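In: Predicted coordinates and the sequence they were generated for:
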Amino acid sequence: MKVLVTGGLGFIGSHTVVQLAKRGHKVVIVDNLSNSREDVLTRIEEITGIKSKLFIEDATDEASMRRIFEASSFDGVIHFAGLKAVGESIKKPIEYYYNNLVSTMVLSKLCIEFGVEKFVFSSSATVYGNQPSPLSEIMDLKERTNPYGETKAISERILTDAAKVNLGFSVCLLRYFNPIGAHESGLLGEDPRGIPNNLMPFITRVANRDIEKLTIFGDDYDTEDGTCVRDYIHVVDIAEGHIAAIENMGKGVSVYNLGTGKGTSVLELIETFKKVNGVDVPFVIGERRPGDIAVCYADPSKAYKELGWKANKSLEDMVRDAWRFEVNNNQ
C-alpha cells in the first residue's frame, strides 16, 4: 500500500513509518515540525534503508493537503498529527480544538473526495472519561475530563458519521493508552521540544541531569501507593498495532484499544527505571494535576481476537529503550 502518515516525524508516527517500511509499504510523511525534528527522516532511513517522501506542511491547511492528495494516489491514511498533552490542553483549549478537529475534518474530506478507502485514526483512552478499568470498546463514552480527550472523542464522531454516509470510506479508531520506550537502535524516541509534557521524557531528562527533579502530581489517589496508575505500552507495540489495523481493516468503522491490560503506578514506573538502568531519578510530590484520573488501563482482547495484535514488550524493555535513546541523543 501507499500510505500517508500525518505527524510522521513525531514519537509514535516515526516508529510507525519504520514498521510500515519494513512491511514493504510506501510512505509519504506530512509533519509541520511543531513538536518534531526534520533529522528524524534521516534516522528513519538509517534504520530501514528506505527514503520516504516528506512534506513540511500543516494538516489543518486544506489547500496544502489538497496538493499532496493531487500528487499521489494513496491507499490509506494514518492520522497522528495532533496536539497531545492533557495538562496543556486545559491551558490552551482553543489551540487543541482547532488543530485536532480541523486536521481530522480536512483529511477525511480529502480522503472521501480522492477515493482513499482506509483511514486509521490515532485516538486515546481519554475518550472513556473517568470510568472503572479495565476499559473496553463496548463501554459508552463518558464526559471527558480535559479538552484533549474531548478533541479525540469529537474526531471519532466526525469520522464515524462520515463513514456512515460514504460507504467506500472505512475508519479504524485506535484508542491507545500510554506509549513510552524507544526504538531499540537508540535512533528514534520521544524527544519533545522544551520542557516535556509526558512522564517518560521527563524521567529520562531528570536522570540525565538536564532537569533537576521530577514532580509527581499527587500521591493521595485511591491506588496502592497513592500515585496514578496507567497502562504503559512500548511505542513499537503501538506502531505494530497501526500496521495490523491498516492491513486488516474491514468495511465501516472499527474500534480497538491498544494497551497491555496491566496498570502500573507512577512510582512503580520510576522504581523500575532506576533499577533497570542503574540511575537515580530525584522527585518531589506536588499537587494533583487538573484533568487526571486515578486509574486507567485497557482491556486489549478485541484487538487480539480481530487483528491478531497484542503487546509483546515488557515494562523493563520500555524503560531500557527510553534511557538508551536519551543517552545516545542528549549527552
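Out: All right, it came through fine. Numbering: from 1, shown residues only.
In: where along this protein do the helices fall?
Out: Assigned by DSSP state H, the helices in the chain fall at 11-22, 40-48, 62-71, 86-91, 93-114, 147-165, 199-207, 235-247, 266-277, 301-307, 315-329.
In: How many residues are close by residue 217?
Out: Residues near residue 217, counting by other CB atoms under 10 Å, number 17. Placement of C-beta: from N, CA and C, glycine included.
In: if I read this right, it contacts residue 288, doesn't it?
Out: Yes: assessed by CB atoms under 8 Å, residue 217 is found in contact with residue 288 at 5.7 Å.
In: Who are the contact partners of residue 38?
Out: By CB atoms under 8 Å, 6 or more residues apart in numbering, the contact set of residue 38 is 9, 54, 56.
In: Leaving out sequence neighbours, find the closest residue to the second one.
Out: This points to residue 54. Excluding the flanking residues, the one nearest residue 54 by CB to CB, 6 or more residues apart in numbering is residue 29, at 4.7 Å.
In: Who does that neighbour form a beta bridge with?
Out: According to DSSP bridges, the residues that bridge with residue 29 are residue 5, residue 54.
In: give me the low-pLDDT residue ranges for the chain?
Out: Applying pLDDT under 70 to the chain picks out residues 331.
In: Please report how far residue 295 lies from residue 269.
Out: Distance of residue 295 to residue 269, computed by CB to CB, to the nearest Å: 14 Å.
In: okay, those two: which has more neighbours?
Out: Taking other CB under 10 Å, residue 295 and residue 269 do not tie; residue 269 has more neighbours (23 against 19).
In: Just give the number of residues close to the closest residue to that one other than its chain neighbours.
Out: In space, and not counting its chain neighbours, residue 269 is closest to residue 232: 6.4 Å by CB to CB, 6+ apart. For residue 232, the count of nearby residues is 26 (other CB under 10 Å).
In: Residue 227: what's it in contact with?
Out: 216, 218-219, 221, 265-267.
In: Kindly apply the preceding question to residue 28 instead.
Out: Residues near residue 28 by CB under 8 Å, 6+ apart: 2-5, 52-55, 68, 72, 74.
In: Quick check: the gap between the closest residue to residue 97 other than its chain neighbours and residue 30.
Out: Closest residue to residue 97 apart from its sequence neighbours, by CB to CB, 6+ apart: residue 151 at 5.9 Å. Here residue 151 is placed at a distance of 19 Å from residue 30 (CB to CB).
In: Identify the residues contacting the closest residue to residue 73 other than its chain neighbours.
Out: By the measure of CB to CB, 6+ apart, the closest residue to residue 73 outside its immediate chain neighbours is residue 2, 6.7 Å from it. For residue 2, the contacting residues are 25-28, 72-76, by CB under 8 Å, 6+ apart.
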